[in-house]
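*Asks:* sequence unknown, structure follows:
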């Protein structure tokens, strides 16, 4: 089986990144190749989920964090690990348990008797890619410690701010089916995630492929990194240069403000939501090789970026209304800039 | 008005459930308009044009439906065989609901839905209206079908939102589902054909059944009253008469019978004075009273009046058929019709050659013979009993009183009884059984005749229930009693039934019965109001509907305005917007309707259009607008428009544009 051995032949640019020679100002097309490299790398491990993978990369490009939500065993953790491996940065994984404390995440000060002073020991958040596994299994106190870090990109311990490395990318996973012994994320914390993705089961052809790909070894082992943290940062900066026409920004605002008027919703989408949609739309346009954002970008991203921010009222929730349905109806009723 | 095309056909299962409901309504009401509705509801399956959800056309059609239903069916008496509640009202309700459902089929379905929930509701109303019948056979056939298809329709209410583009328009159940559906349809069809084939037979049975129950259930009056075993008051709460003004006797009679034979009375008394309109009625004095009676139901056309009525006067524009002095008085008008009854205090000088009133004809010799006739099957012991009862009495009045008193003392009221062996009346008297008014009345007549007093059997209603506007008479107030000829006094009412046979007098009325009465009163009142509209009121109603429509229109306009309010109009350079408008117009040639909520890219099919859109988008959203770009875009759109007007086939367009492009390139070179 040739597929079990690492067959990835890194692209020229990725070879450089693997050696740590990141070009300071890469060509536009080179950066594209980098982004495409991550995508090919991930699809070696996660089969048949191209759409989710490309959305995950858009989140990375826009500097947002991702919540993977699905039943156990659909590849959430594998996807997160594969992404971490693709980036030549520090990867940490926190398995969230009910007894986890905030200090276990952010780090804590300890007394050094030799030097007779307190020293700060960094927690696992000081990394480039953080996998927060089963985030809803820990107490709200610990959850909020992580989420605060996510929104501020720094850790404040005893009055001192410790900046996190850049890029800092969190992939949190949670199982939406089982509620026993969990602390569901409150709306305010869900809002901090740029996207919510559902992987879902692979189709039958792909599942067979998955079975054979693991015949001898884990394909994850064979993955090599294709991009350096500095390059990711550069990509993120590059994405920001994409032009957004005023009409497209207005389109985003109209979509968002329509959710605030919807009677079925207890809470609409926050300004943070529109900011993130704006940025990810830029990332999508950039990835598609455009230097301007189209309304189509906004439409394509509305469901993954906005749906999890909607808070349905009780009647709608028990009436079987789905958050995605509301977004779809919204797109059907909001005029598109021409 | 732009007519939108809807790719979504109405759901077939919903349509079939609609047809089942309409068929049920058709069979119970025999109203051909239901077939028209079914036909109208079929067409949206073959035609793509739909009415916009919020358009004036919808309101105009709705107004039309209501107008047609009220105009054509509001004035007709209730049709159909045997209805539990007011036939006409339910018939109209079913038609209006059916019209609404059919209209709903013609409207655009809501986003992501195959149909609107209103359709299910309206079809449910149609079916409920059809259920308003005693004939369980139709409903037994149609109800399972209706349920099956409604459930199937509910199953495919919503199209999967995310993949709505790719969902097949008609998701038919597979395998066993199809078999079950076919089986149900087959069953329904078989039942239908059986019913249609056997229709005459069924109707004959129905009439036979109804004849026996007629007195109790429907008309209140039978041509040949039969002493039944039950006094069934099913449906008896319906209002029959409304009496305004005072009556000194609540016994409102319709027909009298003279010949008794083996448990039934016949024929209808044929002897009645011709109508005479007494002067006293024209100039009512203190002793003349007037009661205004309104006939509310259509079950018969009889005129009910108290025995002592000196005159009956039809309402203006209406007339009575005195039936050539044969049988009861009949009014040929459709209900509700009304008439006046005049009666005098006892002893008043009428000034007319009538002994008592129009209903009381003095005895002639042949009549006396008939009214004293005792059938041979009467038990001789009854004759003996009559002699015993009247032995001490000296006058006919006392005779009658003694007989009535005897029956009141010895027999109890019951709505159900058994006929017993032999002659039912003799059986009733001698066994001192409990029975209902017909037995009491028959027994009274038999005993009176046995004691030598001419008497007859009378049917009608007892008016006793006071309401806000006079006295209300319901079907359950149907009653039978006796009339006796007393020399010197004329005809008098002899009612030996306990509490005059009123249900309240004999057994308590259940809360359910009271509630039903209340509902029926409400329905009847609404019906009266609807049928009694003056032109002004109709005008006001139309004005109201138009007003509501205008309000609705205004609300929608405002909503749309707020959606497209100036502060929210997308900012864009004017010259580019003009190009976009032209392009949209170009796309409209190939696309039925262009939604403002979808990017134009979704409508651009051929390569030239896509090419234009790419360049337009670069200018529009990429901000690269220059005179050169504008010129190029204008040129491209002109080429597109030209090709579209020349040819209709998309391939032709592409070819043409390519040619035009090369031409332009050649020109530039």
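*Replies:* In hand now; what should we look at? Note that this is a predicted model, so its numbers are computed, not measured.

*Asks:* what's in contact with stretch A:53-63?
*Replies:* Contacts with stretch A:53-63, where a contact means Cβ atoms under 8 Å, 6 or more residues apart in numbering or on different chains, come from A:35, A:38-39, A:42-43, A:46, A:65-66, A:79, A:83, A:167, A:169, A:171, A:194-195, A:197, A:232, A:235-236, A:239, A:276, A:279-280, A:282-284, A:286-287, A:301, A:304. Quick note: C-beta positions are derived from backbone N, CA and C, even for glycine.

*Asks:* could you say what helices and strands the top helix by length along chain B packs with?
*Replies:* Longest helix of chain B, by residue count under DSSP state H: helix B:535-563. Packing contacts for helix B:535-563, counted by 3 or more Cβ pairs under 8 Å, 6 or more residues apart in numbering or on different chains; DSSP states H and E, involve helix B:56-68.

*Asks:* quick one: the helix it packs on to helix B:535-563, angle?
*Replies:* With axes from the mean of the first three to the mean of the last three Cα atoms, to 10 degrees as the basis, helix B:56-68 and helix B:535-563 are set at 160 degrees to each other.

*Asks:* just the buried members of the contacts of stretch A:53-63?
*Replies:* Buried residues within the contacts of stretch A:53-63, counting neighbours by 16 or more other Cβ atoms under 10 Å in any protein chain shown: A:35, A:38-39, A:42, A:46, A:65-66, A:79, A:83, A:167, A:169, A:171, A:194-195, A:197, A:232, A:235-236, A:239, A:276, A:279-280, A:282-284, A:286-287, A:301, A:304.

*Asks:* Show only the entries of those residues found in helices.
*Replies:* Per DSSP H, those map to helices at A:35, A:38-39, A:42, A:79, A:83, A:232, A:235-236, A:239, A:276, A:279-280, A:282-284, A:286-287, A:301, A:304.

*Asks:* circling back: quick one: buried residues of the longest helix of chain B?
*Replies:* Buried residues in helix B:535-563, counted by 16+ other Cβ under 10 Å: residue B:549.

*Asks:* After it, which helix or strand is next?
*Replies:* Sequence-wise, the next helix or strand downstream of helix B:535-563 (DSSP states H and E) is helix B:574-588.

*Asks:* And the contacts of that next one?
*Replies:* Contact with helix B:574-588 is made by A:338, B:594, B:600, B:603-604, B:609, B:612-613, B:616, B:619-620, B:625, B:630, B:633-634, B:637, B:640-641, B:644, as judged by Cβ under 8 Å, 6+ apart.

*Asks:* Which parts of chain A belong to which domain?
*Replies:* A:23-215, A:240-333 (automatic domain parsing).

*Asks:* among these, where is the model least confident on average?
*Replies:* Set side by side, the domains of chain A give their lowest mean pLDDT on domain A:23-215, at a mean of 84.

*Asks:* Let's verify residue B:443: helix, strand, or coil?
*Replies:* Here residue B:443 is recorded as helix under DSSP: H, G, I helix; E, B strand; the rest coil.

*Asks:* is it true that it touches residue B:427?
*Replies:* No. Assessed by Cβ atoms under 8 Å, residue B:443 is found out of contact with residue B:427, at 10.0 Å.

*Asks:* Of these two, give the one with the bigger neighbour count.
*Replies:* For residue B:443 versus residue B:427, neighbours defined as other Cβ atoms under 10 Å in any protein chain shown are more numerous around residue B:443 (24 against 20).

*Asks:* so what's that one up against?
*Replies:* Contact analysis of residue B:443 by Cβ under 8 Å, 6+ apart lists B:407, B:411, B:425, B:428-429, B:496.

*Asks:* Can you pick out the most distant pair from these?
*Replies:* Using Cβ to Cβ, the pair of the contacts of residue B:443 lying farthest apart is B:425 and B:496, separated by 12.5 Å.

*Asks:* thinking again about what came up before, pipe the contacts of residue B:443 into a markdown table and attach secondary structure, pLDDT and distance to residue B:482 per row.
*Replies:* Formatted as a markdown table, the contacts of residue B:443 follow (DSSP: H, G, I helix; E, B strand; the rest coil; pLDDT from 0 to 100; distance: Cβ to Cβ, whole Å):
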| residue | secondary structure | pLDDT | distance to residue B:482 |
| --- | --- | --- | --- |
| B:407 | helix | 85 | 10 |
| B:411 | coil | 82 | 14 |
| B:425 | helix | 83 | 12 |
| B:428 | helix | 84 | 14 |
| B:429 | helix | 84 | 13 |
| B:496 | coil | 82 | 7 |
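
*Asks:* Return the residues of chain A in contact with chain B.
*Replies:* A:243, A:245-248, A:250-251, A:254, A:290-296, A:299, A:303, A:322, A:324-325, A:328-329, A:331-338 (Cβ under 8 Å from any Cβ of the partner chain).

*Asks:* can you count the residues close to residue A:293?
*Replies:* Look at residue A:293: counted by other Cβ under 10 Å, it has 27 neighbours.

*Asks:* rewinding a little: who has more neighbours out of residue B:425 and residue B:496?
*Replies:* It is residue B:425, of residue B:425 and residue B:496, that has more neighbours when counted by other Cβ under 10 Å, with 30 against 26.

*Asks:* In contact with the more buried one: list those residues for me.
*Replies:* Residue B:425 makes contact with B:227, B:260, B:263, B:378, B:382, B:439, B:442-443, B:446, according to Cβ under 8 Å, 6+ apart.

*Asks:* Closest to chain A out of the contacts of residue B:443?
*Replies:* Closest approach between the contacts of residue B:443 and chain A, by Cβ to the nearest Cβ: residue B:411, at 62.9 Å.

*Asks:* Around the closest one, how many other residues sit close by?
*Replies:* By other Cβ under 10 Å, 21 other residues sit near residue B:411.

*Asks:* now swap in residue B:258 and tell me
*Replies:* Other residues near residue B:258 come to 21 when the count uses other Cβ under 10 Å.

*Asks:* swap in residue A:198?
*Replies:* Residue A:198 has 16 neighbouring residues, counting by other Cβ under 10 Å.

*Asks:* How much space separates it from chain B?
*Replies:* 11 Å (Cβ to the nearest Cβ, to the nearest Å).

*Asks:* unless I'm mixing things up, that residue is touching residue A:70, no?
*Replies:* Yes. Using Cβ under 8 Å, residue A:198 is in contact with residue A:70, at 5.3 Å.

*Asks:* Next one: residue B:377 relative to residue B:227, how far apart?
*Replies:* Distance, residue B:377 to residue B:227, using Cβ to Cβ, to the nearest Å: 13 Å.

*Asks:* ok, these two, which is more surrounded?
*Replies:* Each of residue B:377 and residue B:227 has its neighbours counted (other Cβ under 10 Å); residue B:227 has more, 22 against 14.

*Asks:* Could you check how far the more buried one is from chain A?
*Replies:* Shown here: residue B:227 relative to chain A, a distance of 60 Å by Cβ to the nearest Cβ.

*Asks:* list the contacts for that residue?
*Replies:* By Cβ under 8 Å, 6+ apart, the contact set of residue B:227 is B:263-264, B:419, B:424-425, B:438-439, B:442.
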